[in-house]
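Asker: Structure, please.
(chains A, B and C)
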Amino acid sequence: MKGLCLQMKSVLRDKFCLMTFFLPIVVAAAFQFAGTVDFSAMGELHFGALENDLSSQTLAWLEQYGAVTVYGTREELIDGINEPSTNIIGVEAACAGIKTMVSGDELEHFRQAADALPALYGNRGSVSRAEVTVRKKPDLAAGFREMIIAAILITAMFMGGTFNAMNVISEKEDGVVFVNEILPMTHGQYLVQKIAVGFLYGSLSSILTAVICCRMPLREIPLLIILVALSAFVAAVVGLLIGRISEGMLVSVAYLKIVLILFMGVPILCFLAGEGGILVRAICYLVPSQPAFEGIMGLLEGDVGVTLKDIGILAMHGGGWFLVSCVITH
Amino acid sequence: MIKVKNLTYSYHTGGKKHPGSRPDKGGRQVLQGLDFAVGDGEIFGFLGPNGSGKSTTQKILTGILKGYGGKISFWGQDISVMQKKEFLQKIGVLFEFPYLYANLSAADNLNYFASFYPKGQLRDVGELLDQLEFKKDFLKKPVSSYSKGMRQRVSMARALLSSPKVLFLDEPTSGLDPSGAVLFRRIIEEERRKGTTVFLTTHNMLDADLLCDRVAFLADGQIVAMDTPQSLKEQNNSGDRAPTLEDMFIHYTGRGLS
Amino acid sequence: MGKKFCALLNKDLRMMISGKYFFMAAGFLVLYTLYVNLGYVRFMKEDPYHVYLYDPQGLEEDVASEIIRVSSKEELEDALQSDGGSAGVDLSSGKVQVILYEGTPKSDQYRAAYALSRLQSSHEYRAEVVGDHTLEQKARREITCELLFFEISAVGFLGIAAILFKEKNMGVIRVHGILPLPKGLFLFSKMIIFLLADLAFAVLLTLFNTGWAQGLRVLPGVLIQTIFLSLVMALVGIGCSLLLKDFRQFTLAYLVIAIFVATPVFLTANTPVKLEGIAYHPFYPIYMGLKNAYFGNWAADPLYFAGVTCGIVVLFAGVWLAFCKEMAKEG
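Answerer: The predicted model follows:
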């Protein structure tokens, strides 16, 4: 116990580890208290028009569907349309109606809108004759919000790997690894101590992050704690392995980077891409952060069944990675 | 009490070899059948040029290297069948370089290493550091701010912390000023008086001369001479002047100190 | 002088090889290429807005081909719930009823109008295409640009600092202080070797991810921008490693730079989110230069070139001073 406390003290003195501990907490606080990111504007239409080309009524008609930017010349309009970071639909007057221009590299629904706009303009009276019912729903922004919360939690959970990797690398650099060979310490004691460091810090960082940004019913909190514990355990083991196989700080930082990109990227991509085939899902589950992410999303959406399934998968990850670490560290 | 019989070691295979047999293709036969014994409470010096096999012998004796040939016994028990944890609890090792957690203080480092030993055999950290004349105002500062001499003192404290029965010292006075070297010799003598067996590896002939009850000269993996420093000098006294241990070193190993 | 410079280059190359720099760069190249070709490009495929029609009485026979007819109200509800961006048209009561789930007020207006417009037969109108790229080509260029920027500003920067820290730890910098060697050559050789490595990486990443024909077309502009970015990051890396005590402190600075430098630049350059004052961010013009190069839009702007060149010269001068100070300190 004393040895473990001193190991943790050693890790705390490492500014790099300290920063990785606080990073998800700070991001969670910023996300929670500075307001949500508004993604809704990113799906809205954006039109470009030439000065003195369209009538004011046409411009007003366009403005009910999206923002309108007026350009001085046709060249400027075309540059605006072709600007890669936007999806501007160019609108010009044509006979009794309008014609539209696109860059050719926009998303499908912007192309669809550009193709349909002249017809919409022609039938602009018909909307008022129809009864339009807009229903409330947990909107896309809320879905994104939950994804961001889950992503921040995943970061916190899997940061435990960083602590362990840095701890082991420091021992190599300080030469303590030689001293470890003559200490009356069993292999099991060594593993427990090393894994415990990453596990405790990873869990603590995750719990503090969850307290800041998660709002869920009390009955789901034990499940969240189990998810946090399992993920932190897997991360600690992975970190230990990275520390063992790395020859120095540079290599370990590179491996950590790859692992963190993989752990963050796979669940987010899977979420954004939506339902995939069984094979795709099975491959994604090979990355331990995927069941963790899915489990958290399940809790945030109130789907406990999904969370229980993911806890099972995470438990298998924990067992598997632990066996690998036993073999490699022996 | 350490007994070493017919110790062989080859770096390529780490396998057992008999003296006189050829090493494996591409392998390097480092130890070629060492035979020696160290009595309880004895300070035994293991001297030789770089590459002669001193560090390899020490690593084998401390259990770090396996796959050696021959037999090694500690206190009448074969080391290969001894419980590793039990064995390590009885030895203390001072490495050639001071390996410590750079971001922890001396006290934290020692408390950490102490946590692996049974409480009953531990020495008081404060008393130990006082004995080693460690500057008190550095006690809470991280090791990264220490000089080489201070790190060496902390490393020595770590080796002595568990009141070991056998102490392995590799270049204990390296990097110390003369007063530090004198202090370390005094402490090693003190350990001998307590009955601790000391296995000393050094290039410092003054240390070997002043401290060792017996010395062994190692050259090309073989012990070429083993006796008390005094006897070795008497045996090789040609009359011009009294030979020093340095002269013995050059005589027996066939090369200058490097 | 040439012989000395070659000796320095040889030494730096061997240090990079022993530090597995090329091995890691190759690994990242493979990772990025797989990500772009097997992940990112597929994710960019996106469905258009769907319109679901429930017309039990067959009031509207001649509708647009894109309309999806459903046979019951439940089916309509299910479709709307699962397809959040879609709109439903319910003609069961005899009147036209448009149902959709809330988005933003403007997108709701549009989707309703679009749904109603589908009740007419398909129109043949297609918007005029004024650009040169498809969605996939745009996506490939954008992501390749981001990956190259990230790789040079994060990984390369780390690599050069790691090598210098190794030399610091070995104490060889003080040895260079007493060699008959212009001090600037020590820094220059590092900059050149990392520049060559970054250029090779840029060529391979561009060709593998944007296609050979497209890639070769944009390569000259991309390589010029890569030179600027590589030299800037090499000098920043050397400067940090000379000024900071050890590699651990450096990794902290590296994290801060990677997150807080890259994020505003990426957000502004690739999304409609525009941050005020971004033009003053030192990496924004370089990133935009690289992005414009990937889209074939770059032009020889004398002011930009002069600004970047001055920046590099100033950085070099600062690093050279720090290097001289370091040699004096160690000596």
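
Asker: ok, for residue 24, nearest residue in space, not its chain neighbours?
Answerer: With no chain named, the answer covers chain A. Nearest non-adjacent residue to residue A:24, counting by Cβ to Cβ, 6 or more residues apart in numbering or on different chains: residue A:156, 3.7 Å away. (Glycine included, C-beta is placed from N, CA and C.)

Asker: that's the wrong chain, I wanted chain C
Answerer: Spatial nearest neighbour of residue C:24, chain neighbours left out: residue A:254 (5.1 Å); criterion: Cβ to Cβ, 6+ apart.

Asker: Show me how far the one helix or strand the one you found maps to is from its chain's centre.
Answerer: Using DSSP states H and E, residue A:254 sits in helix A:249-273. Chain-centre distance of helix A:249-273: 11 Å, with Cα atoms, centre = their mean, to the nearest Å.

Asker: Just the buried residues of stretch B:240-251, please?
Answerer: For stretch B:240-251, burial by neighbour count (16 or more other Cβ atoms under 10 Å in any protein chain shown) applies to B:243, B:245, B:247-249.

Asker: Next: stretch B:133-153.
Answerer: So for stretch B:133-153, counting by 16+ other Cβ under 10 Å, buried means B:134, B:138-139, B:142-143, B:146, B:149-153.

Asker: when you check the residues you listed against the helices, which ones overlap?
Answerer: B:149-153 (DSSP state H).

Asker: JSON lines for those residues, including distance to residue A:107?
Answerer: Listed next are these as JSON lines, based on distance: Cβ to Cβ, whole Å:
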{"residue": "B:149", "distance to residue A:107": "69"}
{"residue": "B:150", "distance to residue A:107": "65"}
{"residue": "B:151", "distance to residue A:107": "62"}
{"residue": "B:152", "distance to residue A:107": "67"}
{"residue": "B:153", "distance to residue A:107": "69"}
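
Asker: out of these, who's nearest chain A?
Answerer: Closest to chain A out of these is residue B:151 (10.6 Å), distances taken as Cβ to the nearest Cβ.

Asker: mind checking how far the helix or strand sitting right after the helix holding residue A:254 along the chain is from the chain centre?
Answerer: Per DSSP H and E, the first helix or strand lying C-terminal to helix A:249-273 is helix A:278-284. On the basis of Cα atoms, centre = their mean, helix A:278-284 sits 19 Å off its chain's mean C-alpha point.

Asker: ok, back up a step: of the buried residues of stretch B:240-251, closest to chain C?
Answerer: Using Cβ to the nearest Cβ, the buried residues of stretch B:240-251 come closest to chain C at residue B:249, 29.8 Å.

Asker: Within the helices and strands, which one has that closest one?
Answerer: Applying DSSP H and E, one finds residue B:249 within helix B:245-253.

Asker: distance of the residue nearest the centre of chain A from chain B?
Answerer: Central residue of chain A (Cα atoms, centre = their mean): residue A:151, 3.8 Å from the mean position. For residue A:151, the distance to chain B (Cβ to the nearest Cβ, to the nearest Å) stands at 31 Å.

Asker: Apart from its neighbours in sequence, what residue is nearest that residue?
Answerer: Take residue A:151 and drop its neighbours on the chain: the residue closest to it by Cβ to Cβ, 6+ apart is residue A:268, 6.0 Å away.

Asker: Enumerate every residue touching the one you found.
Answerer: Residue A:268 sits next to A:147, A:151, A:293 when contact means Cβ atoms under 8 Å, 6 or more residues apart in numbering or on different chains.

Asker: Could you list the buried residues of the helix holding residue A:254?
Answerer: Applying 16+ other Cβ under 10 Å to helix A:249-273 flags A:249-257, A:259-260, A:262-264, A:266-271 as buried.

Asker: pLDDT on the one helix or strand residue A:311 maps to, on average?
Answerer: Using DSSP H and E, residue A:311 falls within helix A:304-329. On average, the pLDDT along helix A:304-329 is 90.

Asker: Ok, stretch C:220-230 next?
Answerer: 93.

Asker: just stretch C:287-294 next, same as before
Answerer: Looking at stretch C:287-294 alone, the average pLDDT works out to 89.

Asker: outside of that stretch, which residues touch it?
Answerer: A:84, C:141-142, C:144-145, C:148-149, C:206, C:210, C:218, C:221-222, C:224-226, C:228-229, C:265-266, C:269, C:298, C:304.

Asker: unless I'm mixing things up, residue A:135 is touching residue C:98, no?
Answerer: No - counting by Cβ atoms under 8 Å, residue A:135 does not reach residue C:98; the two are 11.2 Å apart.

Asker: Please name the bridge partners of the closest residue to residue B:222 other than its chain neighbours.
Answerer: Excluding the flanking residues, the one nearest residue B:222 by Cβ to Cβ, 6+ apart is residue B:32, at 5.1 Å. Residue B:32 has these beta-bridge partners by DSSP bridges: residue B:8.

Asker: ok, residue B:32 to residue B:45 distance?
Answerer: Distance of residue B:32 to residue B:45, computed by Cβ to Cβ, to the nearest Å: 20 Å.

Asker: Which of these two has more residues huddled nearby?
Answerer: residue B:45 (25 against 22; other Cβ atoms under 10 Å in any protein chain shown).

Asker: so where does that one fall, helix or strand?
Answerer: With DSSP H and E as the criterion, residue B:45 is inside strand B:43-47.

Asker: Could you list every helix and strand in contact with that strand?
Answerer: Contacts defined by 3 or more Cβ pairs under 8 Å, 6 or more residues apart in numbering or on different chains; DSSP states H and E place strand B:43-47 against helix B:54-61, strand B:197-201, helix B:205-211, strand B:214-219.

Asker: Other residues contacting the helix or strand hosting residue B:110?
Answerer: According to DSSP H and E, residue B:110 maps onto helix B:106-114. The contact list for helix B:106-114 (Cβ under 8 Å, 6+ apart) reads A:2-3, A:6-7, A:9-10, A:179, A:183, B:100-101, B:104, B:122, B:125, B:128-129, B:134, B:138-140, B:143, B:146, B:150, B:154, B:157-158, B:161-162.

Asker: same thing with stretch B:242-258?
Answerer: By Cβ under 8 Å, 6+ apart, stretch B:242-258 touches B:47-50, B:52, B:203, B:205, B:208-209, B:215, B:217-219, B:224-225, B:229, B:232-233, B:236-237.
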